[in-house]
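Student: Need a 3D model of the following:
(chains A and B)
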Amino acid sequence: MIEILQWSTLAVCGLIAVVRVPSAVRGENRTLFWIFALMTLAILLSIEAPYVAIDQALGGFNLANLILRFVIFAAILCVGIRVTRGFGATDGYRLLTGRTGMAVLALVSLAVVGVFLLMDSRGSSSGLAQISIRGGRDAVLVEYYGAAGRAYPAYVSLVLLPAMVRALRGSLPLPIRTAAFLLAVGAVAIALTLFFPVMPSGWGPAKFVVNYTAVLCFVVGLALIWAARVRYGRSPARPGTFTEK
Amino acid sequence: MPLPAKAFQRWLHGIAPDASTADVCRVSGIKRTTLAQQLVRGKVAETTVVSISRAYGVNPVSALAGFEAYSLLAVPAPPTRCELVSQISTPDLLRAVLSRSAVDPAGRSAERPPLSPAPHATSVKNWVEAIDDGELRHRVSAATGVAPQNYSAQLTANRLSPELAIATSLAAGVGPAGGLVASGLITEAEAGWPPDARQTALDGLPDGELTTLAGDRLQALGKTLKRQEHDQEQTNKIWENLG
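Tutor: Okay, the predicted model is just below:
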């Protein structure tokens, strides 16, 4: 079940990235192509088989997981910048790219790298499951490492959430409000990942569902805005107005 | 409130005793699946009755009046002047302002094209505003159990369910058919309004009142356009960044 969810998410995301290649070549909104490409890579790296294969090639000490963390950070930062700018959330944009945002990103990055260097990270396994199973000091460090890795996406999601709720309540076209709804659900899901450490250990499948709900909501939400533009946005003609400027 | 299927069948039998459902649909232009679905659910839409009435040459208002929920329609009452004026479109109203010599002494817009038929782009909201004494919306909400914000949303979208239209008339103490005209369910003529009633009402408005009313309409129009422009701007920005 979880495998199906993983591979189909990968397929959806990869497909969208591929479909966006022509417009990226034309120079339209390259960031969006990078968002989808990075997300595809992130999903690929969170599936056991490709993860192990890639990590073995990188030396087998879970460097791939560290890369995965930064791929996620880059993707979520790009999403945050684009969405806050698109939805006119200047306050949110400042919270991401301003001093606070950069400080949070630097702090979280330092923590992730630091904890990674502290632990004995040998033994490729996605989600560093083997290190957890080994127990001892490293198992504790893995928990901290995971928490730090989830902190930045959660920060960005919480910044995005108010703008999404505002867009939902407004009178924007339906596809955009639907997209805002999906992005809001995704943001809530990412914020929920903060509570993973306090979840009972039997809730593993629930964690997967939350993670993939977040990814799918973001991917589909962003794709929906793009589709709406393709569908309605070609002609910049405005509805007839009486006012002249 | 949609009409009970049983009462509808009885009524249909009364006006077209020998017609099959297929005949009725063909003559009245209703999709067969639509009617079938309404009959299965036991709830027939008011628009169905109106379309069939028109097809069989029956006045839709008296047809609706035959149903219990709409029995009020059996007692016709002439529209008030405010209601009549509310059903004049904003462009027509503005033209009327310009044709007044007090507004334009040069009298450049003397020609008077006939008024466009009701309903117009904001006729529902204008109708409710015309008969509102300030407490009307609360009374309608209380009487029907429809939340005020849902009622307002309908008015803004220029929609009004027949049930709410009747409830609004009743709460305002005006003739029962006005809201049905404003929401476009029936025509002025079907509601029994004389053909030149709106024009006469318009001509009877003093210059000051007409001009103020037109000003209110312009202000509302300006607000709507501004909001549309703002939404359009925001949409463009979203597409620019995320499209």
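Student: Quickly find the element holding the residue nearest the centre of chain A.
Tutor: Of all residues in chain A, the one closest to the mean position by Cα atoms, centre = their mean is residue A:76, 4.5 Å from it. In the assignment (DSSP states H and E), residue A:76 maps to helix A:63-86.
Student: Equivalent analysis for residue B:237, please.
Tutor: helix B:207-242.
Student: pretty sure residue A:33 is touching residue A:22, no?
Tutor: No - using Cβ atoms under 8 Å as the test, residue A:33 is too far from residue A:22 to be in contact (9.7 Å). For glycine as for every other residue, the C-beta is placed from the backbone atoms N, C-alpha and C.
Student: more crowded one of the two?
Tutor: residue A:33 (20 against 10; other Cβ atoms under 10 Å in any protein chain shown).
Student: by contact count, what packs against the helix or strand of chain A with the lowest mean pLDDT?
Tutor: Of all the helices and strands that make up chain A, helix A:129-134 has the lowest average by mean pLDDT, DSSP states H and E, namely a mean of 79. Counting contacts by 3 or more Cβ pairs under 8 Å, 6 or more residues apart in numbering or on different chains; DSSP states H and E, helix A:129-134 is packed against helix A:136-169.
Student: okay, now residue A:139: neighbour count?
Tutor: 14.
Student: again, but for residue B:174
Tutor: The number of residues packed near residue B:174 is 20, by other Cβ under 10 Å.
Student: Contacts only, for it.
Tutor: B:77, B:79-80, B:83, B:131 (Cβ atoms under 8 Å, 6 or more residues apart in numbering or on different chains).
Student: Pretty sure the residue nearest to the centre of chain A sits against residue A:156.
Tutor: Yes - using Cβ under 8 Å, residue A:76 is in contact with residue A:156, at 4.8 Å.
Student: Return every residue with contacts to both of those two.
Tutor: Joint contacts of residue A:76 and residue A:156 (Cβ under 8 Å, 6+ apart) are residue A:190.
Student: domain parsing for chain B?
Tutor: Following automatic domain parsing, one finds the domains of chain B at B:3-72, B:81-207.
Student: Adding mean pLDDT, write the ones you listed out as a markdown table.
Tutor: Listed next are the domains of chain B as a markdown table, based on pLDDT from 0 to 100:
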| stretch | mean pLDDT |
| --- | --- |
| domain B:3-72 | 91 |
| domain B:81-207 | 90 |
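Student: winner for burial among those?
Tutor: domain B:81-207 (a mean of 18; mean count of other Cβ atoms under 10 Å in any protein chain shown).
Student: end-to-end on that one?
Tutor: 15 Å (Cα to Cα, to the nearest Å).
Student: Which elements pack onto the helix holding residue B:237?
Tutor: Helix B:207-242 sits against helix A:63-86, helix A:204-232, helix B:90-99, with contacts defined as 3+ Cβ pairs under 8 Å, 6+ apart.
Student: sorry, back to before: which ones among the contacts of residue B:174 are found in strands?
Tutor: The strands, defined by DSSP state E, take in nothing from the contacts of residue B:174.
Student: Contact residues of chain B facing chain A?
Tutor: Residues of chain B found near chain A, taking Cβ under 8 Å from any Cβ of the partner chain as the criterion, are B:221-222, B:225, B:227-229, B:231-232, B:234-243.
Student: Closest to residue A:139 out of the contacts of residue B:174?
Tutor: Nearest to residue A:139, judged by Cβ to Cβ, of these is residue B:131 at 73.2 Å.
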